[in-house]
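Undergrad: prediction below, plus the sequence it came from.
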Amino acid sequence: MEYLLNGFKSAFELIVTLDRGILSTTFISLKISAAAILASTVIAVPSGLIIGINKFRGRGFIITVLNTLMALPTVVIGLFVYSLISNRGPLGPMGLLFTPYAMIAGQFILATPIIMALTVSAAQTVDPKVRNTSIVLGANSFQSGLAVVMEARFAIIAAVVTGFGRIIGEIGASMMLGGNIRGYTRNIPTAIALETSKGEFSSGLALGFILLAVALTINFFLRFLQSRS
């Protein structure tokens, strides 16, 4: 019991004193995940809206694939990207392995189907009369789609927040693609794994508290959006 109490005490001291290593790791983690979620949002939200508001052949199959990819293990994503950017891969000459760009690519692949599938669901919940009415009033395809976005905006934002919450805590792809290099690719989850394996319980616990705080903030924000919608 004393071991745990000392660990908690040391962890809070590291956070309160703004330990440089803790801050660096936190900043890297937030920077990489923010870049990945931004890129994913640009692709996933428009694609999800197109799938959600239009009916076409194969639509059900695409939705099923998206729902399946939402549960894709992070190590599988890491293995896939690693095979592309390793020295023997087709993108090997670009030197992306063990860089933040490789981690962003892995998190992008992880977040995209999540945001896209949730955006599809959000678009499907919008009353079809919204789009039909806008078309009758003279709106073009883009404007009618924008009307759907405005109706489902809270659910779409919630989809993006959910995607960010998923990638901020993933470790498999980050470890495989980033290499856990201190001050460069070491994010919160990989740092926790390393510090714990080294017996640095207080450092790992401090980072765990920060990750938990980020997760709680995201979930409170998501809850707020759900109540608004």
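TA: Great, that's in hand.
Undergrad: doesn't residue 110 make contact with residue 173?
TA: Yes - between residue 173 and residue 110 there is a contact under C-beta atoms under 8 Å: 6.6 Å. In this view, the C-beta of every residue, glycine as well, is placed from N, C-alpha and C.
Undergrad: between those two, what contacts are shared?
TA: Residues within reach of residue 173 and of residue 110 at once, by C-beta atoms under 8 Å, 6 or more residues apart in numbering, are 74, 77.
Undergrad: the strand or helix carrying residue 213 packs against which elements?
TA: Secondary structure from DSSP states H and E places residue 213 in helix 201-228. With contacts taken as 3 or more C-beta pairs under 8 Å, 6 or more residues apart in numbering; DSSP states H and E, helix 201-228 sits against helix 2-16, helix 20-53, helix 153-168, helix 188-197.
Undergrad: got any ranges where this protein has weak pLDDT?
TA: Scanning the chain with the threshold set as pLDDT under 70 gives 1-8, 226, 228-229.
Undergrad: if we use 50, what do you get?
TA: Low-confidence segments of the chain, defined by pLDDT under 50, are absent.
Undergrad: ok, back up a step: turn the helices and strands packed on helix 201-228 into JSON lines, columns for distance to residue 67 and mean neighbour count.
TA: Output for the helices and strands packed on helix 201-228, formatted as JSON lines (distance: least, C-beta to C-beta, whole Å; neighbours: other C-beta atoms under 10 Å):
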{"stretch": "helix 2-16", "distance to residue 67": "38", "mean neighbour count": "13"}
{"stretch": "helix 20-53", "distance to residue 67": "12", "mean neighbour count": "19"}
{"stretch": "helix 153-168", "distance to residue 67": "13", "mean neighbour count": "21"}
{"stretch": "helix 188-197", "distance to residue 67": "25", "mean neighbour count": "20"}
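Undergrad: got those as a markdown table, with distance to residue 64 columns?
TA: Shown next, in a markdown table, are these (distance: least, C-beta to C-beta, whole Å):
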| stretch | distance to residue 64 |
| --- | --- |
| helix 2-16 | 44 |
| helix 20-53 | 12 |
| helix 153-168 | 18 |
| helix 188-197 | 30 |
